[in-house]
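A.B. asks: here is my input; please provide its structure:
(one chain, ligands or ions: 1)
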Amino acid sequence: MEQESISKNIAIVGAGASGGFAAILLAKNPYNNIVLFDIKQPFSTLLPTGGGRCNISFDEKDVKEFVKNYPRGEKFLLSVFSRFGVDKTRSLFKDLGVSTYIQDDKRIFPTSNSSVDVIRQLTSHLRVSNVSIKKELVKDIKKKQNGFEIITEKKSYFFDYVVIATGGRGNGFDFAEKLGHKIIEKKPSLSALDISEKFIYSLSGLTFKSVRAKAVFMKKKYNVEGDLLFTHKSISGPLIFKISALSAYDDFTKENPLEIALCLTDSSIDCVENAIKNNSKKSIKNVFSMFAPESYINAVLQEYNIDANKQIAQIKKKEKEVLIDALFNLKIHATGRIKDSEIVTAGGVDLNEINSKTMESKLVNGLYFIGEVMNIDAFTGGFNLQSCWSTAFICSISI
Ligand SMILES: Cc1cc2nc3c(=O)[nH]c(=O)nc-3n(C[C@H](O)[C@H](O)[C@H](O)COP(=O)(O)OP(=O)(O)OC[C@H]3O[C@@H](n4cnc5c(N)ncnc54)[C@H](O)[C@@H]3O)c2cc1C
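C.D. replies: Numbering: from 1, shown residues only. Here you go, the predicted structure:
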């Protein structure tokens, strides 16, 4: 029997990564009429991603491993990624004119290495007759008997379905709350951290690869690994972003800091001991610089008033302990997060109130949530965008 196709009027609030992507996919059905609301150009939030290269995703085939990168959303995303994961995303992007490649560290980028190019390609698919882009800020969303009223700064509209895709900084949380949803408290995530140890301030620009860290706050412990970057008065880089994401709800302060112990070398203590024994005529600075950048060793020597040019044979027990600790167990204290440095927002619409098989609200029929407005956030590496692509896809096949 032939199925009757029903025309659907769909509003998407927010034309960022998830909203724009959902519009492209929903527009494939000619019976859908889509209105995309945003005061910004579609996909413009992609511009700074991946340092201008747009880190689209991460090449991990095992979904159970993949979801471990989401401090919030891990369980919810399991079924989402099982249905629309990395490979399907890459293949769909290819169909949309964005071919991708996998970098050595498994992060996935467009072949053009350009977020401008990704924006251009994706935007071209919005120039179809059944998508209308309205440069209007949505002020309110009201549930009506057979649909929704959307009130913008200019006028009001009526729709059968509404998709809220306002990201971590928009006011979609307020709309969701007014429509009866619980909002998990919002917190900055993936931020640089303020550090109280002043001697690291001189190391701005210095990076360490594959650092292992143990962070402790109250009784909570986080073990992480990643690259570390010293910046002016703070520390940053993937390692610190991981710590900041895991500790997003820990309110550490000057009085009650988060302690971070860093292992800054991949050598062993035995290697250092041997170097000390076998290079007795070399200076302390030269021997320890075999295991970490000289600028770092100099900063430690200066901080602890150790004579850099003294022969290693003359090193005192206490001095050796300080330097070994500086390599294997440097203890620093995070007193807060650098304001406005966050890349994503932890918290958002409670996932218990969203159906992971459809992205539809369990409380309001016809209302959908996708992207960062939900209580989903991830480490760096392409995971935040992947959850946008996947939730947008699931929503698009469910409406
Ligand atoms: C500097 C930076 C770099 C990043 N790099 C990466 C990366 O390389 N890889 C990765 O995976 N993730 C990255 N992220 C995170 C990623 O960009 C976000 O997780 C993602 O964009 C979230 O998508 P979204 O669709 O939920 O929201 P957004 O992309 O933020 O889009 C939300 C849109 O909604 C609009 N909006 C909000 N409220 C309203 C309203 N009331 N009416 C109308 N429109 C409204 C906004 O104007 C915005 O355009 C980065 C983030 C930043 C800040």
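A.B. asks: so how far is the ligand from Ile276?
C.D. replies: Distance of Ile276 to the ligand, given as CB to the nearest ligand atom, to the nearest Å: 43 Å. C-betas here are computed from N, CA, C, even on glycine.
A.B. asks: swap that for Ser390, please
C.D. replies: 12 Å.
A.B. asks: neighbours around that residue, how many?
C.D. replies: 26 (other CB atoms under 10 Å).
A.B. asks: what's near enough to touch Gly226?
C.D. replies: 210-211, 237-239, 241-242 (CB atoms under 8 Å, 6 or more residues apart in numbering).
A.B. asks: hmm, try it at 7 Å
C.D. replies: Residues in contact with Gly226 (CB atoms under 7 Å, 6 or more residues apart in numbering) are 211, 237-239, 242.
A.B. asks: next up, the contacts around the residue nearest to Thr231 when sequence neighbours are not counted.
C.D. replies: Among residues not flanking Thr231 along the chain, Ser204 sits closest, at 5.6 Å (CB to CB, 6 or more residues apart in numbering). Applying CB under 7 Å, 6+ apart, one finds that Ser204 lies in contact with 230-232.
A.B. asks: what's the closest of the residues you listed to the ligand?
C.D. replies: Thr231 (14.8 Å; CB to the nearest ligand atom).
A.B. asks: where does this protein come near the ligand, residue by residue?
C.D. replies: Residues of the chain that fall close to the ligand, judged by CB under 6 Å from any ligand atom: 13-19, 37-40, 45, 48-50, 55, 137-138, 165-167, 170-172, 343-344, 371-373, 382-385, 388.
A.B. asks: pull the contacting residues for the residue lying closest to Gly205 once chain neighbours are set aside.
C.D. replies: Leaving aside its chain neighbours, Gly205 sits nearest to Phe230 (6.9 Å; criterion: CB to CB, 6+ apart). Phe230 makes contacts with 200, 203-206, as judged by CB under 7 Å, 6+ apart.
A.B. asks: just the buried ones from these?
C.D. replies: Burial by neighbour count, 16 or more other CB atoms under 10 Å: within the contacts of Phe230 this picks out 200, 203, 206.
A.B. asks: now the two most distant members of the contacts of Phe230.
C.D. replies: Ile200 and Gly205 (11.7 Å; CB to CB).
A.B. asks: buried stuff in stretch 221-238?
C.D. replies: For stretch 221-238, using 16+ other CB under 10 Å, the buried residues are 222, 224, 226-231, 234-238.
A.B. asks: what's the burial count for the residue nearest to Asp350 when sequence neighbours are not counted?
C.D. replies: Ranked by CB to CB, 6+ apart and with sequence neighbours excluded, the top spatial neighbour of Asp350 is Lys182, at 4.1 Å. Residues contacting Lys182 under the criterion other CB under 10 Å number 13.
A.B. asks: before we move on, what about Lys214?
C.D. replies: Neighbours around Lys214, by other CB under 10 Å: 16.
A.B. asks: tell me who's in contact with it.
C.D. replies: 221, 223, 261.
A.B. asks: let's see the pLDDT reported for it.
C.D. replies: pLDDT recorded at Lys214 is 97.
A.B. asks: pLDDT wise, what is the residue nearest to Gly205 at?
C.D. replies: For Phe230, pLDDT reads 92.
A.B. asks: that one looks like it's in a strand, true?
C.D. replies: Yes: Phe230: assigned to a strand according to DSSP: H, G, I helix; E, B strand; the rest coil.
A.B. asks: so what's it bridging to?
C.D. replies: On the basis of DSSP bridges, Phe230 is bridged to Ile235.
A.B. asks: swap in Asn9?
C.D. replies: Here Asn9, judged by DSSP bridges, has bridge partners Asn33.
A.B. asks: can you count the residues close to it?
C.D. replies: Applying other CB under 10 Å, we find 16 residues neighbouring Asn9.
A.B. asks: so it touches Tyr157, yeah?
C.D. replies: No: counting by CB atoms under 7 Å, Asn9 stays clear of Tyr157, with 8.7 Å between them.
A.B. asks: Ala245 touches Pro188, doesn't it?
C.D. replies: No: assessed by CB under 7 Å, Ala245 is found out of contact with Pro188, at 9.8 Å.
A.B. asks: could you check which residue of this protein lies nearest the ligand?
C.D. replies: For the chain, CB to the nearest ligand atom, closest residue to the ligand: Gly16, 1.9 Å.
A.B. asks: still on that earlier bit, which of the buried residues of stretch 221-238 sits closest to Val67?
C.D. replies: Closest to Val67, out of all of those and judged by CB to CB, is Val224, at 16.7 Å.
A.B. asks: I'd say that closest one and Ile240 touch.
C.D. replies: No: contact criterion CB under 7 Å: Val224 and Ile240 do not qualify, at 9.0 Å.
A.B. asks: off-centre distance for stretch 211-222?
C.D. replies: Its chain's average C-alpha position is 20 Å from that of stretch 211-222, according to CA atoms, centre = their mean, to the nearest Å.
A.B. asks: can I get that stretch as CSV, trimmed to CA atoms?
C.D. replies: Extracted in CSV, the C-alpha atoms of stretch 211-222 (Å, rounded to 0.1, in the frame of the first residue of the first chain):
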residue,chain,number,x,y,z
VAL,A,211,52.3,13.8,30.6
ARG,A,212,50.8,11.6,33.2
ALA,A,213,48.9,13.4,36.0
LYS,A,214,47.0,12.6,39.2
ALA,A,215,44.6,15.3,40.3
VAL,A,216,43.1,15.2,43.8
PHE,A,217,40.3,17.3,45.2
MET,A,218,38.7,16.4,48.6
LYS,A,219,38.5,12.6,48.3
LYS,A,220,38.1,12.5,44.5
LYS,A,221,41.0,11.3,42.3
TYR,A,222,41.5,11.7,38.5
